[in-house]
Each structure stands twice: as structure tokens, then as C-alpha cells.
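Asker: here is my input; please provide its structure:
(2 chains)
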Number of protein chains: 2
Amino acid sequence: MMKQVMTLMAALCGVLPAQGPQQGPVVVSPEVHADRRVTFRILAPKAGEAALFGDWMKVGTTVPMAKGAGGVWSVTVGPLEPSIYIYHLVVDGVTMADPVNPRVKLRARTSASLLELKGEPPTIWDARDVPHGSVEINWAKSKVLGGETRSFWVYTPPGYEKSGGQRYPVLYLFHGSNDTAGGWVLAGQANYILDNLLAEKKAVPMIVVMPFGHAVPFGSPREVQAKNTALYEEYVLGEVLPFVEAKYRVKKDRASRAIAGLSMGGGQTMAIAFRHPEMFSDVGAFSAAIGPDAMERVPAVAKNPFRTLWFACGKDDGLIKRSEELDALLKKAGVAHTYKATEGAHTYTVWRKYLAEFAPLLFRN
Amino acid sequence: MMKQVMTLMAALCGVLPAQGPQQGPVVVSPEVHADRRVTFRILAPKAGEAALFGDWMKVGTTVPMAKGAGGVWSVTVGPLEPSIYIYHLVVDGVTMADPVNPRVKLRARTSASLLELKGEPPTIWDARDVPHGSVEINWAKSKVLGGETRSFWVYTPPGYEKSGGQRYPVLYLFHGSNDTAGGWVLAGQANYILDNLLAEKKAVPMIVVMPFGHAVPFGSPREVQAKNTALYEEYVLGEVLPFVEAKYRVKKDRASRAIAGLSMGGGQTMAIAFRHPEMFSDVGAFSAAIGPDAMERVPAVAKNPFRTLWFACGKDDGLIKRSEELDALLKKAGVAHTYKATEGAHTYTVWRKYLAEFAPLLFRN
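Answerer: Numbering: from 1, shown residues only, chains lettered A, B, ... in the order given. All right, here's what the predicted structure looks like:
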């Protein structure tokens, strides 16, 4: 009987009686409803106000949470489209991850959580019943970065370990500002995107290398931050690429190297690829923070064009002006490329779709 | 001049003027001082109280934080011994990870952060300048666990990818309650421990397999939770072990299989190994939540003893009685084993040392 009451309580209000060492009610958050509305909750009996921000919302806005029984604040939003969203709570001015949600959005600084609404049928970034590749975390001491031991994540496609002498092309894939080497996997689900594309024979089996993009600490003063791209280039080309080409069974020619990134990582992609068009054949930039260094290198790219040069940005993204500017410069210089202005803002909801569209273009002759 | 003022401010009080989109001062937390004292800070201008709990402290206690300029609360503790500690903040009754510390302690539920104090010289769990192994995340759909796609983490030693036909022994290594498949890497730094032992030739090169130990959701009602160990055994022996033995170059005989775990994972280790003494040669349990199922199987183990049976518990750990009880039962049954009561409580600070002591014992004939 007690069990039934508890189950009913949980169903009715998402709050379970305390179990074990926790104090107060056990809060369920986030709770995804059948109609894809979502309820967020936080136990904060002493708080004067609580609010939610999720990356499906307009930046700078929040929705207020209402205080309920037992000091549990809640708000229900949606219905939301299937995606993996990033959100945080603000309680009396303290911005925090959802304390009871195990899916933390790992970041370089600041806290947030992940909310997943699976698609029905499963989307291109959902785990489908297909062969799965793996993601290997590698650690290496970096001379370029002051002797620090850094990790980078490497996707290998299904069957890599059994494919004997086969060699694979490589995509270097960069995350954005305030993210980590794991971002493209943990929030981007790039591994599932590749698995699903491969299962549908829509992409070439490839290795995907994901380094940590903050060569100088995130949040450094402007004059330090200004060195980030150049240092990162030195790290990626001088340390990560040789490590990958020594350890993994990869092809080492220009035609078998692609480079792409989102936001800051899109800017890094453009900077590195445009300085080294002899090294990469395929280039992608998603909602990219394109810098003047890339813009200035358009004439060099015109002399040594890429096989694929693809970039896109959401219409609700403040960075779209830079993509438009680059598009115009490339057109003027007669450089073949694809530029798309799409629906959406500066979120992984957009970037997952971009990767699913970009990856099938790679390593095609 | 402005830069110098900012640097001075940061040095004096750990608070930097706001940069970019953040509001209010940029808080530095945790800040490790040269003498191994540590300052924790949180920006919470409206809070009435704030406190810190760290796992170097007695469970159930907290230390209060004091409100300072700009609404930044802080407390300085220590000096602390070199380790990686787990801590959380409590602000007006809300328990949370440190919002500005990127090193989140990933958990099955509830939030916390990691604090690392590196050793000088580096400890056995620090990143040393030695060859590093890798950790590969594998995903597989689990029939036993209702079709859920689960990940498990696999350490391969340095040079694994170049070692041709060589086959390796395997250690199955389990985390504790409210942890994740990544716990032994992200908080335990098991990869660095193995790297360092291998560099000193104190351990045999081995594969380490780290599954997710919550077969039923963490925090399930007691009657559901009671099924966890049996379901987990079915998952590990029926799905993870065959996957590992098919994918990795491992030896598949009893002499080449070891099993170990901490807390809940130590209980799972004892339950699985004591039911299947024909499958594993070396068994380790760290601060284990040993269940009656293991105690009852002591006579079976007496008939088919392990090559190594090693367990330990901290004297300040409430679970030590179970280890003492098992020690007595094994002695009475004449089963060779090693049991140690050590300094320490129920923390990774203890478990890292146990792994560093246990791993060298493995796969010795």
C-alpha cells in the first residue's frame, strides 16, 4: 500500500518521500512528459525566487519557477522538439546545474545540465540499434602548452579493431568556447551521428579527433585570450596530429584530412585550414566565430581551394554576420563553397544537424 | 596598469572584475594555496547562509562560509594532503556542485565537484611523465537491462595498439553507489595509477573494464534495489565480458581474469566472484558493502580458492564491520586471504591507494 501511495505521489507531483540519507523530499528533475512538455524542479525551501534558462529560449530570458509544497519550485515548459538541450537554474541569483540531474553539461567554466528528448522514430543523433563505434580518451603531455597533460577524444568507427590493415581518413572536430574535449560526444552525440550515417551508408568510415580547444585558460584576460588560436594551431598540428597519425591506422594525405568546428572551434577551423590549405581537403564551420585572420586568407585559399568548403549559421545567431561576410568574400574571390543560413540559434540542436549534413560530404573524390 | 590592478585583486581576494557576459565579479573557486590550504568561494548575494562539505571531513558535518564583499561567500580550509577530493556547497539548504569549478564529480544523482591537490613529487595517481594508456568508451544495447544503450569504459595499457598478437589479462573494476562508469577514471585516476605502476614495472600490463554498476536506477525503492546485484551480474557476465573478449586482445582463462570494486562495487565483486570462483583468479574489495550472499558462499570459495583474495577498509568507515565479519568467516573456513584495516574513511583518497596496492598483486603465478 505504501509503495502504491509513493508511486502515485511520484506520478502526481514528481516528488518522492525521502529515502536514505537525503533530507526532505526526493525531487525528480527534469521530468519529460509523454507530450514532450518538460517539468523542472528544485528543492529550495528558503529561496525567494527561482528561474529556468534553457537553450531553446531566447538568450537573456528566463522563465520563473513557482514555489510549491515542501519548498519544491517547479515550472513546466514545452512541448519541445526532440533534441538534447542545455539548461541551468537560477536560485536567488546563483546560477547552477540542476542539482539532481546526473546529466551534467561539462564546461570549461560555469555549470549547466543536459535535457534529452528522444525522437520517435529515433533522430540521427539518437542511439539506434546499429553497430556502435567507440570513443577513446588519450592523454599526452603537451610541450606547447607548458607541460600540461591534456586529453583528447577519438572516435573510431564500428569494426575498427578488426579491420586489419585498413587505413581511415580523419576529421578533426572542434568544440566551442566554454566546452570540453568531450563536448561533441556528451552533448553533440557525434558518435551516434557517425554510427547512424555509417549504418545507412551515407558517410565514409572515418576517425574523428576531438581536442580541447582552450589552449589558454577560458576566461583569461583579453590579451592572453588573443593568443588562443595560434597556440591551439601549434598544439593541434604539432602534437595532436602527429600523435593520431602514429597511433591510429589513418591515411596521412591531404585528401584524407578534414577539419571542422562549431562557434570558437569554427573560427579555429577557418584560421588553421586557411593558413594550411595544403593540409586539409574538406573544411566545415558551424555558427563559426570567424576571425579577421581567416577573412584575410581568402586570396590564399583561392589559389589552393578545398575539395569541400561548407559553412552554415542559424538565422537567430548573432554570429551570422561573420558567415555572411565570409560568404561574400569567397564569392568575390571565386572560391567554390557552400554557405547556408538555417533556422535556429547558437546551440547543439543546430550543430548536430550540421554535422549530420556535413559528414556525408567528406572524403568524396 | 589596469591589468596589474586586476592581477593584484585576484591574488588578494580571488575575485576578478566581470568579463564578457557574466554578471557580477568572476569568482575563483577552488583556489589551492602554496601551503595546500584551499579557499572555496561562491557568489550568492541574496543567501542567508552558505557552507562547505568535503570528503576529508566527517560525514554529516559542514564548515560555514562567510559573506564578503560583493556577495561572495568564502571559506579557507586545510592544509590538505595531496589527493582528489569530492565536495559540495550548501546555500540556503540547496546542495550543489561548485558552480564555477569545471571539474564536476559525475554521479548517478546529486551534485558535487572535485578538488585536486597534486603531490610533490607526483603521487601514484598523478599524471607523471610516463607513457600513458588510453580509456575507450564503448556503447552497447543491453538486452538484460531492457534494451537500454549503456556505456562502459575500458583502459588499455601504453602500446596496446602496437603490440600485435599479444594478449592481455583483464581486471573488471567496479565503482560505488551513486557513481558512474567513468568514476574510476575521473575521480579514481585508475588510468594514471596503472600507467605509473607499469612505468615502474610493478604491475603486469592489463586491460581494465569499468561498467556502470546501477543495473536498476539509483534511488529505486528498496524492493527494486534488491535486484541490482543479480541483474548486474547477468549484465557483466552475459554481455560486458563477451563483448570485451570479442573486441579486445585479452586472455580468456581464469588465471587471466581479476575482479575488484569499491563500496557497492566491492559487494558486487564479492557476490559475483564467490558465485563464480571458476571464472576469476584474483579478487579485490575496497571498503566493500559485502552482502549476506557473499558471506554464505564462503564454503564454496573454500573448495575453489582464489589465487589472490584481498580486501581492505578504512577504520573510520561504517562498513568496516562487514569486512571484519568476512575476515573472520574466511579464517574459520581456512581460506587464504589478505584483509587490512587502514587509516581513512569511505573516500577515493583511500580507494586510489588500495588500487595501487592491489594491482601489483594481479596475474602472478
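Asker: hmm, the helix or strand containing residue A:241 touching chain B?
Answerer: For residue A:241, the host element (DSSP states H and E) is helix A:241-247. Yes - looking at helix A:241-247 against chain B by Cβ under 8 Å from any Cβ of the partner chain, the contacts come from residue A:247. For glycine as for every other residue, the C-beta is placed from the backbone atoms N, C-alpha and C.
Asker: for that helix, the distance to its chain's centre please.
Answerer: The chain centre lies 23 Å from the centre of helix A:241-247; the measure is Cα atoms, centre = their mean, to the nearest Å.
Asker: can you pull out the helices in chain A?
Answerer: In chain A, the helices defined using DSSP state H lie at A:2-13, A:183-186, A:190-199, A:222-225, A:228-235, A:241-247, A:264-275, A:292-296, A:298-303, A:320-333, A:348-358.
Asker: columns distance to residue B:113 and mean pLDDT on top of these, output as a markdown table?
Answerer: Written out in a markdown table, the entries for these read as follows (distance: least, Cβ to Cβ, whole Å; pLDDT from 0 to 100):
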| stretch | distance to residue B:113 | mean pLDDT |
| --- | --- | --- |
| helix A:2-13 | 29 | 43 |
| helix A:183-186 | 17 | 97 |
| helix A:190-199 | 26 | 98 |
| helix A:222-225 | 25 | 92 |
| helix A:228-235 | 25 | 97 |
| helix A:241-247 | 30 | 98 |
| helix A:264-275 | 24 | 97 |
| helix A:292-296 | 36 | 91 |
| helix A:298-303 | 44 | 94 |
| helix A:320-333 | 35 | 97 |
| helix A:348-358 | 23 | 98 |
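Asker: of the ones you listed, which approaches residue A:72 most closely?
Answerer: Using Cβ to Cβ as the measure, helix A:2-13 is the one of these that comes nearest residue A:72, at 8.1 Å.
Asker: circling back to that earlier point, so what touches the helix holding residue A:241?
Answerer: Helix A:241-247 is contacted by residues A:138, A:140, A:154, A:170, A:172, A:207, A:209, A:250, A:252, B:161 when judged by Cβ atoms under 8 Å, 6 or more residues apart in numbering or on different chains.
Asker: quick one: which of these has the most company?
Answerer: Of all these, residue A:172 has the most neighbours under the rule other Cβ atoms under 10 Å in any protein chain shown, reaching 27 neighbours.
Asker: can I assume it is in contact with residue A:258?
Answerer: Yes - between residue A:172 and residue A:258 a contact is recorded at 7.1 Å, counting by Cβ atoms under 8 Å.
Asker: so for the two, which residues contact both of them?
Answerer: In contact with both residue A:172 and residue A:258: no residue, using Cβ under 8 Å, 6+ apart.
Asker: now the helices of chain A in TSV, with mean neighbour count?
Answerer: As requested, the helices of chain A are exported to TSV (neighbours: other Cβ atoms under 10 Å in any protein chain shown):
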stretch	mean neighbour count
helix A:2-13	12
helix A:183-186	26
helix A:190-199	23
helix A:222-225	12
helix A:228-235	19
helix A:241-247	15
helix A:264-275	26
helix A:292-296	15
helix A:298-303	14
helix A:320-333	16
helix A:348-358	24
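Asker: now do the strands in the stretch 101-250 of chain A.
Answerer: Counting by DSSP state E, counting those that start in this stretch, residue ranges of the strands within the stretch 101-250 of chain A are A:104-105, A:112-117, A:134-142, A:148-156, A:170-174, A:207-210.
Asker: please produce CSV containing these, extended by mean pLDDT.
Answerer: Formatted as CSV, the entries for the strands of the stretch 101-250 of chain A read as follows, by pLDDT from 0 to 100:
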stretch, mean pLDDT
strand A:104-105, 95
strand A:112-117, 97
strand A:134-142, 97
strand A:148-156, 96
strand A:170-174, 98
strand A:207-210, 98
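Asker: mind listing what the residue of the stretch 251-365 of chain A found nearest chain B touches?
Answerer: As assessed by Cβ to the nearest Cβ, chain B sits closest to residue A:318 within the stretch 251-365 of chain A, at 11.5 Å. Counting by Cβ under 8 Å, 6+ apart, residue A:318 makes contact with residue A:346.
Asker: now it. Its backbone dihedrals?
Answerer: When quoted as degrees, to the nearest 10, the phi and psi of residue A:318 stand at phi -60, psi -20.
Asker: neighbours around residue A:278, how many?
Answerer: Residue crowding around residue A:278 was assessed by other Cβ under 10 Å; the count is 7.
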